[in-house]
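Q: task: produce atomic coordinates for the following.
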Amino acid sequence: MIEKRGTLFLLGVMKEVLMSKWSPRYAQLCQDLFPYLLTNGKKNGFYVDFGCRDPFKTNNTWFLEEKLDWAGISIDIVDYSKIWQQRKSQFIQADALHINIKKLFENYKVPKVVDYLTHDLEGNGDRYRGLINIPFDDYDFKIITLEHDAYRGFSKTEREPQRRFLNSKGYFLVCSNVKSHAGDSQEDWWVNPKYISREVYGKFMSESQKFNHIFKFAGYDIDKLYDFYKENNHE
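A: Have a look, this model is predicted:
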């Protein structure tokens, strides 16, 4: 287990180095802006973050917590508990592939309808295995950002089974093959149409676009979105 944790940590660091040309203000691909916009800037939302890593740098939920008072639980196989004490989010060190997630959700009083699920594990096939370990029959997620890293050759082991699974659960793929600043196809972004209407998500629909272009084509400037929030004192 210790060897696996060390390997996963190194993989995460390598990914960060390879993407160093882009200097994100919050989430690496601005994943945080996706639930922000699709929930119309909702206050006091709830998130679940699998593979959370650092609580601030390139973290997918820090913006939501800092600016919108969201709460949630953040899970990682590596023990980041000391640095996560700076966040109000509950950090949980756990192996997302083997823990009983339904029991975990019950213990931490996760609401039956979660506003945002972000899922970013390391290891070929582990993203899919972690995804199907989540109790989708007992909990709904309004918005999901899910890493598949197809650019690394993980299409058969990650992207394809992930899509079959989420489609079978009634989720709708809005942004497929979201690309990094370097042009690597890394993620799919999903919604639950029971909670997010086509009128809301329609302008974000895209295929193999860089993350900044997704927001641009939807009519948003990512820097101005962050600046607008700061300037208008929405803290």
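
Q: so where is this protein shaky, pLDDT-wise?
A: 1-24, 228-235 (pLDDT under 70).

Q: so which residues of it form helices?
A: With helices called from DSSP state H, the chain shows them at 2-18, 33-38, 62-68, 81-84, 101-107, 126-132, 160-168, 198-201, 211-217, 222-231.

Q: contacts for the fifth one, please.
A: For helix 101-107, contacts defined as Cβ atoms under 8 Å, 6 or more residues apart in numbering pick out Val48, Ile73, Ile75, Ile92, Ala94, Val110, Asn133, Ile134, Pro135, Asp138, Tyr139. The way it works is simple: take the backbone N, C-alpha and C, and place the C-beta from them, glycine included.

Q: give me the most central residue, this structure.
A: Central residue of the chain (Cα atoms, centre = their mean): Thr118, 2.4 Å from the mean position.

Q: how about that one, what does it touch?
A: Shown in contact with Thr118 (Cβ under 8 Å, 6+ apart): Gln31, Tyr47, Val48, Asp49, Phe50, Asn60, Thr61, Ile144, Thr145, Leu146.

Q: quick check: end-to-end length of stretch 129-147?
A: End-to-end distance of stretch 129-147 (Cα to Cα, to the nearest Å): 12 Å.

Q: stretch 35-46 now?
A: Terminal residues of stretch 35-46 lie 11 Å apart, using Cα to Cα.

Q: with only the CA atoms kept, save stretch 92-111 in CSV.
A: Extracted C-alpha coordinates of stretch 92-111, given in CSV (Å, rounded to 0.1, in the frame of the first residue of the first chain):
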residue,chain,number,x,y,z
ILE,A,92,-10.6,11.6,4.4
GLN,A,93,-7.6,9.4,3.7
ALA,A,94,-9.0,6.3,2.0
ASP,A,95,-8.5,4.0,-1.0
ALA,A,96,-11.5,4.9,-3.2
LEU,A,97,-11.3,1.5,-4.9
HIS,A,98,-11.9,-0.6,-1.9
ILE,A,99,-13.6,1.5,0.8
ASN,A,100,-17.4,1.1,1.3
ILE,A,101,-18.4,4.5,-0.1
LYS,A,102,-22.1,4.1,0.8
LYS,A,103,-21.1,3.7,4.4
LEU,A,104,-18.6,6.6,4.1
PHE,A,105,-21.3,8.8,2.7
GLU,A,106,-23.7,7.8,5.5
ASN,A,107,-21.1,8.5,8.2
TYR,A,108,-20.3,12.0,6.9
LYS,A,109,-24.0,12.8,6.2
VAL,A,110,-23.6,13.4,2.5
PRO,A,111,-26.9,14.6,1.0
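
Q: please point out which parts of that stretch sit buried.
A: If you call a residue buried by 16 or more other Cβ atoms under 10 Å, then stretch 92-111 has these buried ones: Ile92, Ala94, Asp95, Ala96, Leu97, Ile101, Leu104, Phe105, Val110.

Q: ok, now stretch 35-42?
A: Judged by neighbour count (16+ other Cβ under 10 Å), stretch 35-42 contains these buried residues: Pro35, Tyr36, Leu37, Leu38, Thr39, Lys42.
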